[in-house]
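Asks: need a 3D model of the sequence below.
(one chain, ligands or ions: 1)
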Amino acid sequence: MGKRKNLGGLARFVQEAFKAEPSSSSAQLALETNPNESAAAAAAVIEQVTLEPVLVAGTSRIASHSEEEELGEQKQQQSAKRQAKKRKVGLLGAGYEKYDATGLAPHYTHIKQVPEKLRKYFSQRNRYFSLYAEGCLLDEEGWYSVTPELIADQIADRCRCGTVLDAFCGVGGNAIAFAKTCERVIALDTSPVRLAIARHNAVIYEVADRIEFILADYISFAQAYLSQPSSSQHRKIDVVFLSPPWGGPEYLSGLESATADKTPPDSSEHPEYSLSSIQPIHGTELFKLSRRITPNIAYYLPRNTNIKEISDLLTTEHADGEQHDVTERVEIEEEWMGSKLKALTCYFGGLAGGQEHLFE
Ligand code: MGP
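Replies: From the prediction side, this is the model:
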């Protein structure tokens with residue numbers, strides 16, 4: 001049940017996409033039963049280093065500059081074609097006018113328009129959304145927390161499944177990527193503005209029909225979901241993706257000097273990030289809650305996160321305080337953009353390399 005699967009063509013995908021009007025309420029908890037899925041997707045091949053006892057650290061250089069340039073040229077050509085089409089039917093195209101969130105956040109086109117504190121993010125706009133020029137929107141939190149598109153695509157590739165829950169969807173970078181690899185995406189956010197922006201961006205990427213946007217607090221949503229009897233008809237969630245607020249752009253305080261010369265940062269040169277700084281609840285509690293929904297968790301964390309705390313997420317699951325042999329491993333993938341380490345993605349359950357059998 002819920003085993004990952006290589007999805008077929010677009011036609012099949014569209015046929016099975018959500019037909020109902022996307023929800024704007026947290027009341028949407030009576031989730032449908034997910035269709036039975038089979039056939040595992042090939043696991044991403046990455047270089048791995050084993051750390052005892054429970055940790056597998058992986059590294060993956062996911063994007064080179066040349067790949068990015070090639071991608072950029074293709075996207076620009078696509079963009080020109082779409083712009084010509086859209087001139088006739090509005091920014092988002094026919095039938096999608098009501099999802100046009102233009103005005104909810106500024107769409108900057110020149111660095112002079114951008115507030116000083118957001119300028120370093122604006123200069124990376126095409127990394128965040130390769131279709132930025134088509135009208136993608138980001139609010140302030142979106143600018144500093146969106147997952148760069150190539151990284152989001154890499155994570156989505158590893159999370160191929162029937163239904164993925166993006167617990168903190170923000171302006172939609174990950175939800176859009178998941179819509180390309182998963183049959184259904186449930187995208188939650190507590191901000192109606194960010195949710196509207198996420199849908200606006202998803203329309204630009206032509207994947208909005210595959211995403212169910214829900215205005216909800218993930219903690220309440222998860223508790224309500226878990227309180228339903230397992231025999232009920234609620235939809236099975238195969239993967240939970242956690243990309244919570246890290247406590248603002250200051251999460252890295254002290255790291256600037258380490259990265260200025262473009263050498264990969266040495267974690268010993270800056271303060272380690274603790275999962276206790278995760279919002280809205282301690283990162284360990286957030287993980288435990290999510291594991292009650294599914295063993296398959298992808299957790300997007302700061303690059304300076306204390307590795308032992310990540311490893312302990314598995315050992316501290318035992319409430320009796322006893323030490324247990326933990327056979328499950330977490331795989332930590334370093335997310336690099338060129339020479340810069342941007343973040344860590346931690347894969348648990350059947351998402352970790354070598355543990356595909358745990359994917360249920
Ligand atoms: P960054 O280090 O703040 O910025 O974030 P930058 O400019 O990429 O790096 P710098 O070293 O040049 O300053 C790096 C990445 O971390 C961002 O692209 C986001 O994907 C992610 N990120 C940053 N913040 C503050 C958050 C956050 O609060 N939540 C989540 N989920 N991701 C974040």
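
Asks: all helices of the protein, in order?
Replies: Ranges of helices in the chain, per DSSP state H, are 10-15, 65-89, 119-122, 125-128, 140-145, 149-158, 173-181, 192-204, 218-227, 256-259, 283-291, 307-315.

Asks: lowest average confidence across those, which one?
Replies: Note on the helices of the chain: helix 10-15 shows the lowest mean pLDDT, a mean of 29.

Asks: state the distance from the closest residue to Y144 other than its chain neighbours to the ligand.
Replies: In this structure, Y144 finds its nearest non-sequential neighbour in P249, 4.5 Å apart by Cβ to Cβ, 6 or more residues apart in numbering. C-betas here are computed from N, CA, C, even on glycine. Separation of P249 from the ligand (Cβ to the nearest ligand atom, to the nearest Å): 5 Å.

Asks: now A105
Replies: 17 Å.

Asks: got it, and A175?
Replies: Distance from A175 to the ligand, by Cβ to the nearest ligand atom: 13 Å.

Asks: tally of neighbours for that residue?
Replies: 32 (other Cβ atoms under 10 Å).

Asks: against L351, how distant is it?
Replies: Using Cβ to Cβ, to the nearest Å, A175 is found at 17 Å from L351.

Asks: so for L104, what's the pLDDT?
Replies: 92.

Asks: no, scratch that, I was asking about Q228
Replies: Looking at Q228, the pLDDT reads 87.

Asks: that one contacts I237, doesn't it?
Replies: No: checked against Cβ atoms under 8 Å, the pair Q228 and I237 is beyond contact range at 11.8 Å.

Asks: have a look at these two and say which one is more surrounded.
Replies: Between Q228 and I237, I237 has the larger neighbour count (other Cβ under 10 Å), namely 22 against 13.

Asks: quick check: closest non-adjacent residue to that one.
Replies: Excluding the flanking residues, the one nearest I237 by Cβ to Cβ, 6+ apart is L165, at 4.9 Å.

Asks: the one you found - how many residues pack around it?
Replies: L165 has 29 nearby residues by other Cβ under 10 Å.

Asks: how about the one 4 residues further on?
Replies: Applying other Cβ under 10 Å, we find 30 residues neighbouring C169.

Asks: hmm, it is touching A198, no?
Replies: Yes: at 5.3 Å, C169 counts as touching A198 under the criterion of Cβ under 8 Å.

Asks: what touches both of those two?
Replies: Here C169 and A198 have 175, 187, 189, 213 as joint contacts, going by Cβ atoms under 8 Å, 6 or more residues apart in numbering.

Asks: show me the two of those residues that sit farthest apart.
Replies: The largest separation in the shared contacts of C169 and A198, counting by Cβ to Cβ, is between A175 and D189 at 9.4 Å.

Asks: what touches both of the two?
Replies: 169, 198, 213.

Asks: out of those, who's nearest S220?
Replies: C169 (15.5 Å).

Asks: for the closest one, grab phi and psi.
Replies: phi -80, psi -20 (degrees, to the nearest 10).

Asks: quick check: closest non-adjacent residue to it.
Replies: A187 (3.8 Å).

Asks: contacting residues around the one you found?
Replies: 166, 169, 172, 175, 195, 198, 211-214 are the contacts of A187 under Cβ under 8 Å, 6+ apart.

Asks: how near is the residue nearest to Y144 to S145?
Replies: Distance from P249 to S145, by Cβ to Cβ: 8 Å.

Asks: if T163 is in a bridge, with which residues?
Replies: For T163, the beta-bridge partners are R184 (DSSP bridges).

Asks: returning to that earlier point: neighbours around the residue nearest to Y144, how many?
Replies: 16.

Asks: one more: the one 4 residues further on?
Replies: As a burial measure, the neighbour count of S253 was computed by other Cβ under 10 Å and equals 12.

Asks: per-residue confidence for the spatially closest residue to it that is not a sequence neighbour?
Replies: Nearest non-adjacent residue to S253, counting by Cβ to Cβ, 6+ apart: P271, 6.9 Å away. For P271, the model assigns a pLDDT of 87.

Asks: P271 reaches N304, doesn't it?
Replies: Yes: between P271 and N304 there is a contact under Cβ under 8 Å: 7.0 Å.

Asks: ok, those two, which is more surrounded?
Replies: More neighbours surround N304 than the other of P271 and N304, with 23 against 13 (other Cβ under 10 Å).

Asks: wait, isn't the more buried one in contact with S274?
Replies: No: with contact defined as Cβ under 8 Å, N304 does not count as touching S274 (9.8 Å).

Asks: which parts of the stretch 251-360 of the chain sit against the ligand?
Replies: Listed as neighbours of the ligand in the stretch 251-360 of the chain under the rule Cβ under 6 Å from any ligand atom: 251-252, 259, 300, 342-343.

Asks: just the buried residues from the residues you listed, in ChimeraX please.
Replies: In ChimeraX syntax, the buried subset of those is picked out as below (16 or more other Cβ atoms under 10 Å):
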select :251,252,259,300,342,343
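
Asks: farthest-apart pair in the residues of the stretch 251-360 of the chain next to the ligand, please.
Replies: Top of the distance list for those (Cβ to Cβ): T259 and Y300, 19.0 Å.

Asks: in contact with the residue lying closest to G172 once chain neighbours are set aside, which residues?
Replies: Leaving aside its sequence neighbours, G172 sits nearest to A198 (Cβ to Cβ, 6+ apart; 3.2 Å). Counting by Cβ under 8 Å, 6+ apart, A198 makes contact with 169-172, 175, 187, 189, 211, 213.
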